[in-house]
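Engineer: have a look at this fold, sequence not included:
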C-alpha cells in the first residue's frame, strides 16, 4: 500500500535516547514507513543552554503543526534542577491519557508469569505530577495532590472506550480512598458512575497497595487498568518488568489534537554511549504510532520482524539469558531489519486488524459536585518551634469576634486541646477555626491572621473549609 508521507516531530533525547532513536528510525524506514521527520531538541542540553523549560522554540512550532511526536527518553534531575520535560509536554498539549500495553513473550523472554496481556491507562496531567510543591518552614514541605472531576472523567471514560473498541472485558480501578477520602474518593466515585454506562464490561476496584501486589503476583487477572498519574507510573513499570523487561514496553500519550509516542523506561545515563541499550521499548512505541497514523501494514511488518528476532534468540543484554551472546543496539536493529517480511513461528503474529481505532470519548456526562457551597471554617498554618501546649492558647487568643478555635493539629494529628497520647511535632502547626454561629467571613479570617502576627506567630498559608449541600468537603484530623 502506498502512503503519503506524514510529518512527525522527532526528539533524539538524552542518555541512551540518540542510540535507540537511530536504531528505531532505521528499522521503520527500512520497513517502508512513510514519514517526514522533523528533528528537534528537547531535554538536558537545551536546559543547560539557558532554556528554563528544556524545550527549544523550534520544537514547540513543529509539534504544534504536526500534532505527532516520537520522543526518545529525556533525563529528569532528581531532587532539583529543571522540571520534567515529559510532564511539561503532556500538559502543554493536553495529552491526558498515557496508554501502556504490557504482555509476555515466553519462552523467548524470561518471565515469572505467563499470559500477561494488560493495558494500563494512566491519567497524565493531574495528581502529584502537577508539580505543585512548597517548603514554608525549615522542617516541613508539602505537595498538592490535584484531582478534578473533569480530569477523572476524561481518563476513566477513555479507559472504558478503549476496552469496548478493543474487545477487552474488564476495567480495574486502582485508588487509595480509604485514606485520601476526598481526592481519591472523587476519582472512585466518577469511576463507578462511568462504569454504569458500559454494562458489558466488568468494573472492579482495588485499594492501590493490594492492587499493585496482585499485579505483581497474579497479573493474568487484569485486563485494562485505569488509575491516577503517580499510581499509573508505578504500576506500569511493575507490570512491564514482571512481563520480561521495562526495556520492551512502549507507550502512547493521547490528547484531542496531539499524540506522543515514547518508551516507558528512562534515559539510563549509566549505559549511554556504550551501544548496549535495548531499542525495543521505543520501537514498540513507533509501532503504535504507525497504527495511529493508519500505516497498519508497516506497523505489522515491523512488529512481526521484531517478534521473530526475539524467537531467534537475538537479544540485548537486559533480556539475554546467556549474557555472553547478547548483541548491542545496532546489531539488534540489523537483526530486525534482516527479518522484515517474516513472521514469528510460535508467538502470535500481528495482523493489520489487531489495531482497533477508537473515537475520542465525550466528556461532561457525569457530575459528583454538590450545588450549595458554604464556607464552614478555615485552617491557618503557622511556623513555630513552640510546644503544642504553648501555641494552643495563642491560636485561641487570635480568634476574631464570632470565630472559635476548634482544634490545633500537627502532621495531621490533634495536639490541642486534650491531645491523645504523646504526639511528636514538627514546626508546622495548623489551627482550625469555625464560626460560632455556623458562619464565618473573609473579614474575620483577615482579623485572625493579623492577630496571629501581632502575637509574633508567622502564618504561612491558609485553607478554606467548605461544605457542599451540608456535606463536609475537608478531612478531619486524627483525634478531632
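Structural biologist: Cool, the structure landed. Here the structure is a predicted model, which means the values were calculated and not measured.

Engineer: in stretch 94-107, which residues are buried?
Structural biologist: In terms of neighbour count (16 or more other Cβ atoms under 10 Å), stretch 94-107 has its buried residues at 94-106. Glycine gets a C-beta too; all of them are placed from N, C-alpha and C.

Engineer: work out the gap between that stretch and the centre of the chain.
Structural biologist: 13 Å (Cα atoms, centre = their mean, to the nearest Å).

Engineer: how long is it end to end?
Structural biologist: 39 Å (Cα to Cα, to the nearest Å).

Engineer: over to stretch 241-250?
Structural biologist: End-to-end for stretch 241-250, by Cα to Cα: 12 Å.

Engineer: and if you look at stretch 272-281?
Structural biologist: 16 Å.

Engineer: could you do stretch 34-50 as well?
Structural biologist: 35 Å.

Engineer: do stretch 322-333 as well
Structural biologist: Span of stretch 322-333 from end to end, Cα to Cα: 19 Å.

Engineer: buried residues in stretch 242-262, which are they?
Structural biologist: Buried residues in stretch 242-262 (16+ other Cβ under 10 Å): 242-255, 258-262.

Engineer: and the closest residue to residue 47 other than its chain neighbours, what does it touch?
Structural biologist: Excluding the flanking residues, the one nearest residue 47 by Cβ to Cβ, 6 or more residues apart in numbering is residue 54, at 3.9 Å. Neighbouring residues of residue 54 by Cβ atoms under 8 Å, 6 or more residues apart in numbering: 42-44, 46-47, 74, 82, 85, 88.

Engineer: same thing but at 10 Å, please
Structural biologist: Residues near residue 54 by Cβ atoms under 10 Å, 6 or more residues apart in numbering: 14, 41-48, 74-76, 81-86, 88-89.

Engineer: toward the C-terminus, what is the element adjacent to the one helix or strand residue 241 maps to?
Structural biologist: In this assignment (DSSP states H and E), residue 241 forms part of helix 229-242. Next helix or strand after helix 229-242 toward the C-terminus (DSSP H and E): strand 250-254.

Engineer: which elements pack onto that next one?
Structural biologist: Under the contact criterion of 3 or more Cβ pairs under 10 Å, 6 or more residues apart in numbering; DSSP states H and E, strand 250-254 touches strand 68-71, helix 85-92, strand 97-103, strand 117-123, helix 229-242, strand 259-263, helix 280-292.

Engineer: do that again at 7 Å, thanks
Structural biologist: Under the contact definition 3 or more Cβ pairs under 7 Å, 6 or more residues apart in numbering; DSSP states H and E, strand 250-254 sits against strand 97-103, strand 259-263, helix 280-292.

Engineer: roughly how far apart are the residue nearest to residue 255 when sequence neighbours are not counted and residue 67?
Structural biologist: Leaving aside its sequence neighbours, residue 255 sits nearest to residue 94 (Cβ to Cβ, 6+ apart; 3.9 Å). According to Cβ to Cβ, to the nearest Å, residue 94 and residue 67 sit 11 Å apart.

Engineer: and for residue 97?
Structural biologist: From residue 97 to residue 67 the distance is 15 Å (Cβ to Cβ).

Engineer: go on, residue 473?
Structural biologist: 38 Å.

Engineer: re earlier: I would like the residues contacting the helix holding residue 241, please.
Structural biologist: Helix 229-242 is contacted by residues 98, 100, 102, 111-113, 118, 120, 122-124, 126-129, 174, 208, 212, 215-216, 219, 225, 227, 246, 248-249, 264 when judged by Cβ atoms under 7 Å, 6 or more residues apart in numbering.

Engineer: among these, name the buried ones.
Structural biologist: 98, 100, 102, 111, 113, 118, 120, 122-124, 126-129, 174, 208, 212, 215, 219, 225, 227, 246, 248-249, 264.

Engineer: how is the chain divided into domains?
Structural biologist: Split into domains by automatic domain parsing, the chain comes to 1-94+243-356, 112-238, 374-472.

Engineer: among those domains, which is nearest residue 480?
Structural biologist: Nearest to residue 480, of all the domains of the chain, is domain 374-472, at 5.2 Å by Cβ to Cβ.

Engineer: what is the end-to-end distance of that closest one?
Structural biologist: 10 Å.

Engineer: hmm, back to that, the residue nearest to residue 255 should be in a helix, yeah?
Structural biologist: No. Applying DSSP: H, G, I helix; E, B strand; the rest coil, one finds residue 94 to be coil, outside a helix.

Engineer: correct me, but it touches residue 253?
Structural biologist: No. Residue 94 is beyond contact range of residue 253, at 9.8 Å (criterion: Cβ atoms under 7 Å).

Engineer: what residues are shared contacts of these two?
Structural biologist: Between them, residue 94 and residue 253 share no contacting residue, judged by Cβ under 7 Å, 6+ apart.

Engineer: the most far-flung residue of the chain relative to its centre: which element?
Structural biologist: What lies farthest from the middle of the chain is residue 401; by Cα atoms, centre = their mean that is 45.7 Å. In the assignment (DSSP H and E), residue 401 maps to no helix and no strand.

Engineer: do residue 302 as well
Structural biologist: helix 296-311.

Engineer: can you give the contact residues for that helix?
Structural biologist: Residues contacting helix 296-311 (Cβ under 7 Å, 6+ apart): 1, 27-28, 31-33, 105, 108-109, 280, 283, 287, 290-291, 335-336, 339-347, 349-352, 355.
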